[in-house]
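Asks: missing the sequence, but the structure's below:
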């Protein structure tokens, strides 16, 4: 059977030969009209079709946890000011996104933490993004378009990339009430929405909450016939501060979306933080959803037979399923600034079988500073001046989820329910 492939950028071409054996995760994917869906997309309004082709995806949250981009485009930048870009990181971006693009997945899922995002701070008073509350907007207007350009340069249309809000998209971690980060929380959400979910003031996704503080940042879309993605925004502003939770109007919306699915549909939910534990962790604040498996959100996913919950935050791979048929949680992701990238490749077969492969791009070396002692700049935290990564990824684990929700095979980093402290 012949698969029609999309055109890839130069970086993807370089990586394609190395990755040829793993590109074929399953049979041919859906037509381009079904992939990378936006408002009202899919084979019809319900996303259903008489025949269900195989479907492929890549999931890659927490790629950087860093601000990457040439900030000289900011209206407040002046000669002599620092930059969040150099030749070393330009090569890393080409390498990383080229490798992801070489899988030629139908869609790319990103469960949060696209940036460092501590834009309400200015540790050294550099004023690259000016002063005042507008610094958040100006920074987002630089880094988010750059994020899209990384995909585009690798040959992936940003319409095929589906992002969720991570804690770094709201300033990093859970802000307490009355602080500046807490006050700027709505502004952080607005700049994210402007670039990813409500560009030009129009909702990119037809299915989204109609009211409440998550109306512009949570969404659902049929990725392919019988394959539904529900993206939740797990961050809510409450009197005591920012909480990691899915409740209220967003939860009611998720309930309505899931009520319209069929037992034969494959339902993937992505949200930034894990719900179940314990999970492996690396260089993380380890935020988890309030209430865990007893939360109304998780009880709803169980009741509606959701197949897969993808989360980031912890920068390590763990597959957890409380009982056969329950939603399978896979927490994963990497940190390029620490010299490691972890991501998943996945396929959904015509019968609904989900196959996952965890992969890692390993570091060759990390050089923290240049000869003058400089690191790569950002408003608060900095990244190493130079990181050298392998030009290929290695397989670290596999998992197969049957249409009935039973894990029939798991190995390596995706070995089910590891014995963790």
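Replies: In hand now; what should we look at? This one's a predicted model, so the numbers in the text were calculated from it and none came from an experiment.

Asks: Quick check: phi and psi at residue 187.
Replies: Backbone torsions of residue 187, given as degrees, to the nearest 10, read phi -70, psi -40.

Asks: I figured it was touching residue 136, is that so?
Replies: Yes - counting by CB atoms under 8 Å, residue 187 touches residue 136, with 5.0 Å between them. All C-beta atoms are positioned from the backbone trio N, CA, C, and that covers glycine.

Asks: Between the two, which is the more surrounded one?
Replies: residue 136 (25 against 19; other CB atoms under 10 Å).

Asks: tell me which element that one falls in.
Replies: Using DSSP states H and E, residue 136 maps to helix 134-153.

Asks: Adjacent strands (with direction) for whatever helix or strand comes next after that helix?
Replies: Sequence-wise, the next helix or strand downstream of helix 134-153 (DSSP H and E) is strand 161-163. Strand pairing for strand 161-163, using DSSP bridges, gives strand 107-110 (parallel).

Asks: tell me the mean pLDDT over the partner strand?
Replies: Strand 107-110 carries an average pLDDT of 98.

Asks: just how off-centre is that strand within its chain?
Replies: 6 Å (CA atoms, centre = their mean, to the nearest Å).

Asks: Identify the residues contacting it?
Replies: 35-36, 57-61, 63, 100, 151, 156, 160-164, 223, 229, 268, 270, 310 (CB atoms under 8 Å, 6 or more residues apart in numbering).

Asks: Which of those are buried? Put it as a ChimeraX command.
Replies: Command for ChimeraX that selects the buried part of the contacts of strand 107-110, burial taken from 16 or more other CB atoms under 10 Å:
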select :35,36,57,58,59,60,61,63,100,151,156,160,161,162,163,164,223,229,268,270,310
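
Asks: elements contacting whichever strand or helix holds residue 242?
Replies: Residue 242 is part of strand 241-244, with elements assigned from DSSP H and E. Applying 3 or more CB pairs under 8 Å, 6 or more residues apart in numbering; DSSP states H and E, one finds that strand 241-244 contacts strand 235-238.

Asks: which helices and strands sit right next to the strand it packs on?
Replies: helix 185-196, strand 241-244.

Asks: Which one of those lies nearest to residue 406?
Replies: strand 241-244 (29.1 Å; CB to CB).

Asks: What segments of the stretch 151-300 of the chain are helices?
Replies: 180-183, 185-196, 248-259, 296-303 (DSSP state H, counting those that start in this stretch).

Asks: mind listing what the residue nearest to residue 363 when sequence neighbours are not counted touches?
Replies: Excluding its sequence neighbours, the residue lying closest to residue 363 (CB to CB, 6 or more residues apart in numbering) is residue 339, at 3.0 Å. Residue 339 makes contacts with 362, 363, 365, 366, 384, 387, 389, as judged by CB under 8 Å, 6+ apart.

Asks: and residue 339, backbone torsions?
Replies: Note on residue 339: backbone dihedrals following degrees, to the nearest 10 are phi 80, psi 30.

Asks: So it versus residue 64, what's the distance?
Replies: 12 Å (CB to CB, to the nearest Å).

Asks: now swap in residue 109 and tell me
Replies: Taken as CB to CB, the span from residue 109 to residue 64 is 16 Å.

Asks: Likewise for residue 233?
Replies: 20 Å.

Asks: Residue 370 too?
Replies: Remark: distance between residue 370 and residue 64 (CB to CB) = 19 Å.

Asks: Over to residue 378?
Replies: Taking CB to CB, one finds residue 378 at 10 Å from residue 64.

Asks: ok so, going back, buried deepest among the helices of the stretch 151-300 of the chain, which one?
Replies: helix 185-196 (a mean of 20; mean count of other CB atoms under 10 Å).

Asks: And the contacts of that helix?
Replies: Against helix 185-196 from outside (CB under 8 Å, 6+ apart): 117, 119, 133, 136-137, 140-141, 144-145, 148, 163, 165, 169-171, 175, 204, 213, 216-217, 233, 235, 237, 242.

Asks: List buried residues within the contacts of residue 339.
Replies: Here, 16+ other CB under 10 Å leaves 384, 387, 389 buried among those.

Asks: Skipping adjacent residues, who's closest to the last one in space?
Replies: Spelled out, that is residue 389. residue 361 (5.2 Å).

Asks: That neighbour is in contact with residue 96, isn't it?
Replies: Yes - applying CB under 8 Å as the test, residue 361 and residue 96 come out as touching, 6.7 Å apart.

Asks: if we can go back for a sec, quick one, which of residue 370 and residue 64 is more surrounded?
Replies: residue 64 (24 against 14).

Asks: For the closest residue to that one other than its chain neighbours, give me the backbone phi and psi.
Replies: Nearest residue to residue 64, sequence neighbours excluded (CB to CB, 6+ apart): residue 336, at 4.9 Å. Main-chain torsions, residue 336, degrees, to the nearest 10: phi -60, psi -30.

Asks: Quick one: residues contacting residue 336.
Replies: So residue 336 contacts 63, 64, 65, 66, 92, 96, 387, 389 (CB under 8 Å, 6+ apart).

Asks: Give me the most central residue, this structure.
Replies: Centroid-nearest residue in the chain: residue 110, 1.5 Å away (criterion: CA atoms, centre = their mean).

Asks: Now residue 397: which helix or strand?
Replies: Secondary structure (DSSP H and E) places residue 397 in strand 394-401.
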